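Asker: sequence plus the predicted model coming up.
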Amino acid sequence: MKMKQVGIVLLAVGIAGCSSTTQSNGGGATNSPPVTVIDKNKPEKPDSQIDKPITMDQLERLDGLYAQDWLNENELLIAQTNPDAKKIDSDSGPMKPAQLYIYNLKTKQVKALKPSEDRVHESPIVSPDGQYVFFHENTSFMMDGGRGVLVHVPTGTSRIITDKDRGGQEWGQWTDSSHLIVGNGKGAILQVGTVSKDEVLLSKDKNVIFDYAAKTGNTLFYVNPNPDNTLSAYNLETKKETIVDKSVWRMSLSPDGNQLAMLKSTGDTERTLFLMNSNDTSKRTKLAVTTQMYAFDWSPDSSYLAFAVYNKDRDGMNGVYVANAKTGKIEQLGDFQDVATVAWSPSGKQLMVSTSTFVDNKPKLTTYRLVLK
């Protein structure tokens, strides 16, 4: 799952293509700023596979590309301006909408995910098998007229899941390749089926918006932003709701459903990332304390959590890190700056890092493909 910076970044997406640079790294420092690979605590002889550190073997830089997720090992889901669409409203005046496209890393070819309408595409959630993408379509960059859409990638066919929802960027998670858990922007959490019927798992007041939702077994986790960004656990059998914590800005369930990553506000300018057991949320491990947490994502096998952080303290944590979910050990992959998204490839052998910044008042978008070992 990726952080809610998508809408902001898409305002800066105005690109037509990209160029790439590939470097062999072998775990040392790169020659391509701003990336520096660090492997400070690498053991000479790992005792077991669990203790084996993750390092970067190869780096490819894709200039002008803003990637959002992987579809498979060779294709990225990217956002770019649709030159054929009509202009729609934004805070900066009418602009052509940014939409989702499929980028092939080998051929460098780009194709639209869905036949164009004059809407901006935001917050994509890709199924584990890469066959489906759920995202929000909005009639303006201010998230007006939103609706949730599910697209079948091979055919491009789609159906509307939620229409005229008020949230515009509800994040959910796939429990498997056939079922997506997501809020509908109208006070309910849905289980969306790719082959089965959609089901309402939880229904509250229509004014309630769930920022994040995920399910493991009979437990439904969700974040309600009002009034206290409350993370709750709801037992679907007993209908009992338990408050896990408050001031939670993001949560993400591991693919195997056993662990929960939680980003919590612990001060005016402090964010803390925790790992916890999904069956007993009182058992927690503090992974990082930082000024800002930009993005995090679970590896497909649930063994690692990749995250991007910024700390105003020069000696603090800055860049992209990978945490071992079993040992809590953390390795830095690079001091990437202005990170918008991190995402594992389906095999867990690649990591995508996309960055967004402004240089001379112009947007500069770059995606890095990290080959891991």
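Answerer: Nice, thanks for sending it over.
Asker: quick check, pLDDT for Thr36.
Answerer: Thr36 carries a pLDDT value of 33.
Asker: also Ser123?
Answerer: If you check Ser123, the pLDDT there is 89.
Asker: just give the number of residues close to it.
Answerer: 24 (other Cβ atoms under 10 Å). (Glycine included, C-beta is placed from N, CA and C.)
Asker: distance of it relative to Leu100?
Answerer: Distance, Ser123 to Leu100, using Cβ to Cβ, to the nearest Å: 10 Å.
Asker: pull up the overlap in contacts between the two.
Answerer: Phe135 (Cβ atoms under 8 Å, 6 or more residues apart in numbering).
Asker: now Pro124, nearest residue through space, not along the chain?
Answerer: Nearest residue to Pro124, sequence neighbours excluded (Cβ to Cβ, 6 or more residues apart in numbering): Phe135, at 4.2 Å.
Asker: the one you found bridge partners, please.
Answerer: Val149 (DSSP bridges).
Asker: tell me the helices in the chain, going along the chain?
Answerer: In the chain, the helices defined using DSSP state H lie at 6-10.
Asker: flag the shaky bits of the stretch 1-150 of the chain, pLDDT-wise.
Answerer: The stretch 1-150 of the chain contains residues with pLDDT under 70 at 1-51, 143-145.
Asker: avg pLDDT for stretch 283-299?
Answerer: 92.
Asker: and stretch 179-198, by the same measure?
Answerer: Rounded mean pLDDT across stretch 179-198 is 94.
Asker: just how off-centre is that stretch within its chain?
Answerer: Distance, stretch centre to chain centre, for stretch 179-198: 19 Å (Cα atoms, centre = their mean, to the nearest Å).
Asker: next: stretch 73-87.
Answerer: That offset, for stretch 73-87, works out to 17 Å (Cα atoms, centre = their mean).
Asker: thinking again about what came up before, wouldn't the residue nearest to Pro124 be in contact with Arg119 here?
Answerer: No - with contact defined as Cβ atoms under 8 Å, Phe135 does not reach Arg119; the gap is 10.3 Å.
Asker: more crowded one of the two?
Answerer: Using other Cβ under 10 Å as the criterion, Phe135 and Arg119 rank with Phe135 on top: 25 against 21.
Asker: how about the residue nearest to Met352 when sequence neighbours are not counted, what does it touch?
Answerer: Distances taken as Cβ to Cβ, 6+ apart put Ala343 closest to Met352, at 4.7 Å, once the chain neighbours are dropped. By Cβ under 8 Å, 6+ apart, Ala343 lies in contact with 2, 67-70, 297, 351-352.
Asker: confidence score at Ala343?
Answerer: 98.
Asker: and it, how far from Ala308?
Answerer: 11 Å.
Asker: ok, now Lys206?
Answerer: 35 Å.
Asker: more neighbours: those two, which one.
Answerer: Ala308 (29 against 12).
Asker: chain neighbours aside, what residue packs nearest to that one?
Answerer: Val339 (3.7 Å).
Asker: surely that neighbour meets Val353?
Answerer: Yes - because the distance of 6.0 Å satisfies Cβ under 8 Å, Val339 is recorded as touching Val353.
Asker: what sits in contact with each of these two?
Answerer: 308, 320.
Asker: tell me the contacts of Leu253?
Answerer: 173, 214-216, 221, 259-261, 278.
Asker: quick one: Ile125 from Leu372, how far?
Answerer: From Ile125 across to Leu372, the span is 23 Å (Cβ to Cβ).
Asker: for Ile160, that is, sorry about that
Answerer: In terms of Cβ to Cβ, Ile160 sits 37 Å off from Leu372.
Asker: quick one, which of these two is more surrounded?
Answerer: Legend: neighbour count by other Cβ under 10 Å for Ile160 and Leu372, higher for Leu372 (20 against 11).
Asker: now Thr357, nearest residue through space, not along the chain?
Answerer: Nearest non-adjacent residue to Thr357, counting by Cβ to Cβ, 6+ apart: Asp338, 4.1 Å away.
Asker: number of residues surrounding the one you found?
Answerer: For Asp338, using other Cβ under 10 Å, the count is 17.
Asker: so what's it up against?
Answerer: Counting by Cβ under 8 Å, 6+ apart, Asp338 has contacts 355-357.
Asker: and these, which of them are buried?
Answerer: Among the contacts of Asp338, the ones that count as buried by 16 or more other Cβ atoms under 10 Å are 355-356.
Asker: Phe141: which of the contacts of Asp338 is nearest?
Answerer: Distance to Phe141 across the contacts of Asp338 (Cβ to Cβ) is lowest for Ser356, with 15.0 Å.
Asker: I'd say the closest one and Pro363 touch.
Answerer: Yes - taking contacts as Cβ under 8 Å, Ser356 lies within contact range of Pro363: 6.8 Å.
Asker: returning to what we had before: most neighbours among the contacts of Ala343, which one?
Answerer: Highest neighbour count within the contacts of Ala343, by other Cβ under 10 Å: Gln68, with 28 neighbours.
Asker: and the closest residue to Gln109 other than its chain neighbours, bridged to which residues?
Answerer: Once flanking residues are discounted, Gln109 sits nearest to Tyr103: 7.7 Å by Cβ to Cβ, 6+ apart. With DSSP bridges as the criterion, Tyr103 is bridged to Leu76, Val110.
Asker: for Val192, same thing?
Answerer: Going by DSSP bridges, Val192 forms beta bridges with Leu180.
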